[in-house]
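J.: With the sequence up front, the predicted model follows.
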Amino acid sequence: MPELDKTYTPAEVEARWYQRWLDDKCFEADPARVSATRPAYSIVIPPPNVTGVLHMGHVLNNTIQDILSRRARMLGKEVLWLPGTDHAGIATQNVVEKTLKKQGAIKHRDDLGREKLVEKIWEWKEKHGDIIIDQLKKMGCSCDWSRQRFTFDDDYNACVMRVFVDLYKKGLIYRGKRMVNWCPSSLTALSDEEVIPTAQSGFMYYFKVQVVEQPDTWLTIATTRPETIPGDTAVAVNPKDERYAHLIGKHIRRPLPLENQASIPIVGDDHVDFEFGTGVLKVTPAHDKADFEIGQRHKLEVIDVLHPNAILNDLAGKDLAGLDRFEGRKKAVELLKEMEVLVKEEPHQNNVGFSERAGVPIEPRLSEQWFLKYPSVKESQDVVANGEMKFHPDRWAKTYDHWLTGIQDWCISRQVWWGHRIPVWYKKGSDRSALSDGTVHCGTEPPSDPENWEQDPDVLDTWFSSWLWPFATMGWTGDKAKDAANPTLRAFYPTTDLVTGPDIIFFWVARMIMAGFEWMGELPFKNVYFTGIIRDKQGRKMSKSLGNSPDPLDLISRYSADALRFGIMRSAPLGQDIRYDEQNVELGRNFCTKLWNAARFRQMQGGETETEISATLLSSDDKWILLRLNTAIAEVTAALEDYRFSDATSTLYRFFWSEYCDWYIEASKATLQGTDDKRKANTLAVIDFVLSNTLRLFHPFMPFITEELWHGMAFNADLPADQGGNSIMVAKWPKPLDADELAHFGILPEDEKTANDKYEAVNLGRNLKSTFNINKRVRFVLKPAQELPTHEIEVLRILLNAEPLDVDAAFAPTQGTPSALTPLGTLFLPLDGLIDVEAERARIGKEVAKVESELEKVTAKLADEKFTSKVPQKVLDEHQQRKTDWQEKLAKLKEMISALG
RNA sequence: GCGCGGAUAGCUCAGUGGUAGAGCGGCUCGCUUACACCGAGUUGGUCGGGGGUUCGAAUCCCUCUCCGCGCACCA
């Protein structure tokens, strides 16, 4: 056995093993190896932004995927964890544009033009694209890097084009002039999902307008956006509103712009809520979704008073033109004041939609966009509703179902340049509003006479490429015969698990399911695990602007990747948000150190790795730890099968730290420090057995240190290469000893009690020592309740740190000797009158009080006829037994007090 | 407004009808030949409030309060 270093050096170990795993192609999936006895297991990574950097959310998400993948390998499956990145259209273009502007290279993207800018973005991608991938590698992620994909790869691009053309031909993609969410910063349309409603404190402005036909009548209108008054083309009231109904059909004078105070109609529309504001609504069809609909119903004029970048245009009038929308608001209020029509302004809370990527308020805007009527909606809804696809936690199924029920068409076009260009060409000189077969071309290839055509300038929403991820990454071609012969698709689609955040359930998960059905005829994954959101200690979401997100790479360098992984998994209960606390990572590091030292301890006992355990030589402690190991294996296995990762880590922690290290190893020192070589070798065999199982149980969580120790302890030595000889990654996942094996070792369930009783006696003895402030080795005397083997006495002595431990059935303590009732008998701490009798009396008195109170409770219950007559026999027996136990204990405690004198 | 989570020890969380738990922290001891990134001991709770069902409720029902999230509305 090679000797382990005194201290663990994770940085060196982690780098070395990761390279070795890569060299040995340990992560590479081979569809040819899939068989009935070697089933496939697959996950596709939620592709991070190609120019992004790793954050804690990635750590959580990818640790889980790695745990699932690594365990699947240990279960003997052929595993494909398929990695890659996405091009994140708007975000990436924003970053590059901003950088170029900062460098002074451009003022506006038009200065460079489409081709040049896209070139610059590619340069950026080449430079930054591998950062996040390298970071995932630092975490230990066991992805098949040979299959790494990017949403802009040629093959992938072809999939996107094919899908667009297919949907277009099916009539599901159409072009329409509609109100969309417009981002004035990125100058593009956004889908509803990319708009985040955000509470804003603003003002509600009340202003009055004159009814043209009745100059004495004034109406008061409430608005939050006075700058859009020049775009008003009507005011609306509810026809059922008695205050105003008689005015329908008349007109009011629009106050702005000053040079064009047009007369606009008063219309009746049910949309108006007469409880809200004044019950009179100004209608701006160009700048509000609801207003646009009112406008449609009443055939109102549409006046767009904003430039695309939200600067007011000439139609807003000379006072407002050229102002930004927010400055324009102030100016409009001033003008209303000057005209003396501003009635009041009140602070007002409302929700304003913000662009998810650019962080600015979006502007509802009428524009020509491409829309998609979602395909395969019913299948997608059913597959989750009927439980064929499982969500964990399953409450997300309800959210998913709700969204699909009220689903709206998806605006898929974006007015940026970094993205998949829409494969539609228009015949030059043709009228785009009246397209026909001859004037529009939609195809994966340009028209044969490209000089006569112009391609649509728009690109597709990034999610329009991401929704194909589960099969486009596997080489899907859309050709039935080819795809049927594609070994990767055949073996690994549908994938097994998807791990993602619930915030992208609509953006991504739902759409992937639809795409799966539409083009593969099948669901894309069988289980979806939704992680929680990582929050800081105060419960705030982690964000760049708050600066409360730690850098995972920094954590790795300070604590190791294993520590980070273990720490984050320990604090991530199923379905709940995670309070991140660096202490958990520190605890992960401590755990690694403990593991390292426990392995070193084993090595220091010498001897080769022992494999044969002799049933006849097993001590009660050996049997106990084997039973505890069985429980731990069963618990961890069950927890992982239910995606309860933090439960799994709790079990690992409890088993290893408290059961194995604190009790078993300490107890086995009786043997290891003894002179019986046969027993010693047998205990070492038990230790090796337990450690080799422990390392395997830990491996999915802490891949590096477990691999290092697997080899360091030579547990790989006698194993075939593909079963752990080469790497712990493919060692067999532990199984509890079955009934036959337990019988072979002569282990009975009640063996657990034998050791437990002993440990309880130890606890009580230690407690005695600390009560009397004894911190040296001292003499204990046990007056045994039954005969004890010498080995057990030696274990007791070591655990009690007693010198000596006398066993004396006839022990007659001097008055005042502290003692404790233990399952093994009465344990005395003879201090030869050195103790404070009063302190001891107080100590036992406290215990008496507790026992008396418990006894009182149970006695009262048993005296209550309502209780005894209604309760099941089993519960009654339990209570009876409890009463007897407390009574006995009380009697003995009283004896102890009287023995004090 | 509708829906979904959550409220248990100082902190993070287990605990779905039968004697309230764990880890961390705090405090007190201790460098006993694996480990001070450690060991031993100890201290912490009328289980958010109120009502109900029950012999018995942290647990089931009703109701209220507070925190978080989603959807709708948002003039």
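T.: Received, thanks.
J.: residue nearest the centroid of chain A?
T.: Residue closest to the mean C-alpha point of chain A, counted by CA atoms, centre = their mean, is A:T531 at 2.4 Å.
J.: my guess is that one meets A:I504, correct?
T.: No. Contact criterion CB atoms under 8 Å: A:T531 and A:I504 do not qualify, at 10.9 Å. Quick note: C-beta positions are derived from backbone N, CA and C, even for glycine.
J.: Neighbours of A:P347, how many?
T.: Neighbours of A:P347 under the rule other CB atoms under 10 Å: 8.
J.: List phi and psi for it.
T.: phi -60, psi 140 (degrees, to the nearest 10).
J.: Please name the residues that touch it.
T.: For A:P347, the contact set (CB atoms under 8 Å, 6 or more residues apart in numbering) comprises A:201-204.
J.: Now tabulate those residues in JSON lines and tack on pLDDT, secondary structure and neighbour count.
T.: Below are the contacts of A:P347 laid out as JSON lines (pLDDT from 0 to 100; DSSP: H, G, I helix; E, B strand; the rest coil; neighbours: other CB atoms under 10 Å):
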{"residue": "A:S201", "pLDDT": "80", "secondary structure": "strand", "neighbour count": "8"}
{"residue": "A:G202", "pLDDT": "84", "secondary structure": "strand", "neighbour count": "14"}
{"residue": "A:F203", "pLDDT": "88", "secondary structure": "strand", "neighbour count": "16"}
{"residue": "A:M204", "pLDDT": "89", "secondary structure": "strand", "neighbour count": "15"}
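J.: Considering those, which is situated nearest to RNA strand B?
T.: A:M204 (5.1 Å; CB to the nearest atom of the strand).
J.: looking at it, that closest one is touching A:G277, isn't it?
T.: Yes. Shown here, A:M204 and A:G277 form a contact pair, counting by CB under 8 Å, at 7.2 Å.
J.: The residue nearest to A:R797 when sequence neighbours are not counted - how many residues pack around it?
T.: Closest residue to A:R797 apart from its sequence neighbours, by CB to CB, 6 or more residues apart in numbering: A:L805 at 3.9 Å. Close neighbours of A:L805, defined as other CB under 10 Å, add up to 20.
J.: which residues of the stretch 651-800 of chain A fall in helices?
T.: Secondary structure of the stretch 651-800 of chain A (DSSP state H, counting those that start in this stretch): helices at A:666-672, A:677-698, A:703-712, A:739-744, A:751-771, A:790-800.
J.: what's the answer for the stretch 351-500 of chain A, then?
T.: Under DSSP H, counting those that start in this stretch, the stretch 351-500 of chain A gives helices at A:377-385, A:396-405, A:463-466, A:469-472, A:480-484, A:487-492.
J.: The stretch 151-300 of chain A against RNA strand B: which residues are in contact?
T.: Proximity of the stretch 151-300 of chain A to RNA strand B, by CB under 7 Å from any atom of the strand, involves residues A:192-193, A:196-197, A:204, A:221-225, A:271-274, A:276-277, A:279-282, A:288, A:290.
J.: So how do I select the buried members of those residues in PyMOL?
T.: The following PyMOL line selects those of these that are buried, judged by 16 or more other CB atoms under 10 Å:
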select buried, chain A and resi 193+221+222+223+225+272+274+277+279+280+281+282+288+290
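J.: coming back round to it: looking at the helices of the stretch 351-500 of chain A, which is buried most?
T.: helix A:469-472 (a mean of 28; mean count of other CB atoms under 10 Å).
J.: isn't A:F517 right up against A:L523?
T.: Yes. Under the criterion of CB under 8 Å, A:F517 makes contact with A:L523 at 6.9 Å.
J.: Quick check: neighbours shared by those two?
T.: Taking CB under 8 Å, 6+ apart as the criterion, A:F517 and A:L523 both touch A:V383.
J.: In chain A, where is pLDDT below threshold?
T.: Applying pLDDT under 70 to chain A flags the ranges A:1-3, A:433-435, A:544-546, A:609-610, A:832-836, A:901.
J.: Now for the residue lying closest to A:H307 once chain neighbours are set aside: which residues touch it?
T.: Closest residue to A:H307 apart from its sequence neighbours, by CB to CB, 6+ apart: A:N313 at 5.1 Å. By CB under 8 Å, 6+ apart, the contact set of A:N313 is A:304-307, A:321.
J.: Which members of these occur in strands, if any?
T.: For the contacts of A:N313, not one is inside strands, with DSSP state E as the criterion.
J.: how about the residues you listed in TSV, adding distance to A:E741 and neighbour count?
T.: Converted to TSV, these look like this (distance: CB to CB, whole Å; neighbours: other CB atoms under 10 Å):
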residue	distance to A:E741	neighbour count
A:D304	79	17
A:V305	81	25
A:L306	77	23
A:H307	78	17
A:A321	86	17
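J.: of all the residues you listed, which two lie farthest apart?
T.: A:D304 and A:A321 (12.8 Å; CB to CB).
J.: just the contacts of A:P347 now: which is nearest A:R654?
T.: A:S201 (49.4 Å).
J.: What's opposite the closest one in the beta bridge?
T.: Residues in a beta bridge with A:S201, per DSSP bridges, are A:Q349.
J.: measure it to A:N351 for me?
T.: Separation of A:S201 from A:N351 (CB to CB, to the nearest Å) stands at 11 Å.
J.: so what's in contact with those two at the same time?
T.: By CB under 8 Å, 6+ apart, no residue touches both A:S201 and A:N351.
J.: Go through stretch A:849-864 and flag the buried ones.
T.: Applying 16+ other CB under 10 Å to stretch A:849-864 flags A:851, A:854-855, A:858, A:861-862 as buried.
J.: Residues contacting it, please?
T.: Outside stretch A:849-864, the residues that touch it by CB under 8 Å, 6+ apart are A:867-868, A:879-880, A:882-883, A:886-887, A:889-890, A:893.
J.: Could you do stretch A:678-689 as well?
T.: Contact partners of stretch A:678-689, identified using CB under 8 Å, 6+ apart, comprise A:602, A:605, A:607, A:609-614, A:617-619, A:622, A:625-626, A:665, A:668, A:671-672, A:674, A:713, A:715.
J.: hmm, 6 Å instead?
T.: With contact meaning CB atoms under 6 Å, 6 or more residues apart in numbering, stretch A:678-689 is reached by A:602, A:605, A:607, A:609-610, A:612-614, A:617, A:622, A:668, A:671-672.
J.: Just the C-alpha atoms of it, please, in PDB.
T.: The C-alpha atoms that make up stretch A:678-689 are tabulated as PDB, following Å, rounded to 0.1, in the frame of the first residue of the first chain:
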ATOM      1  CA  LYS A 678      -6.000 -12.700  13.900                       C
ATOM      2  CA  ARG A 679      -8.500 -10.400  15.400                       C
ATOM      3  CA  LYS A 680      -6.500  -7.500  14.300                       C
ATOM      4  CA  ALA A 681      -6.400  -8.700  10.700                       C
ATOM      5  CA  ASN A 682     -10.100  -9.400  10.800                       C
ATOM      6  CA  THR A 683     -10.900  -5.900  12.000                       C
ATOM      7  CA  LEU A 684      -8.700  -4.500   9.300                       C
ATOM      8  CA  ALA A 685     -10.800  -6.500   6.800                       C
ATOM      9  CA  VAL A 686     -13.900  -5.000   8.200                       C
ATOM     10  CA  ILE A 687     -12.400  -1.500   8.000                       C
ATOM     11  CA  ASP A 688     -11.300  -2.100   4.400                       C
ATOM     12  CA  PHE A 689     -14.800  -3.400   3.500                       C
END
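J.: How far does it sit from its chain's centre?
T.: Relative to its parent chain, stretch A:678-689 has a centroid offset of 41 Å by CA atoms, centre = their mean, to the nearest Å.
J.: Relative to RNA strand B, how far out is the residue lying closest to A:G575 once chain neighbours are set aside?
T.: Nearest non-adjacent residue to A:G575, counting by CB to CB, 6+ apart: A:P393, 3.6 Å away. Distance from A:P393 to RNA strand B, counting by CB to the nearest atom of the strand, to the nearest Å: 8 Å.
J.: Likewise for A:K735?
T.: 24 Å.
J.: likewise A:G231?
T.: 13 Å.
J.: go on, A:R579?
T.: For A:R579, the distance to RNA strand B - CB to the nearest atom of the strand - is 4 Å.
J.: Verify the stated contact: A:R329 with A:I229.
T.: No. Using CB atoms under 6 Å, A:R329 is not in contact with A:I229; the gap is 10.2 Å.
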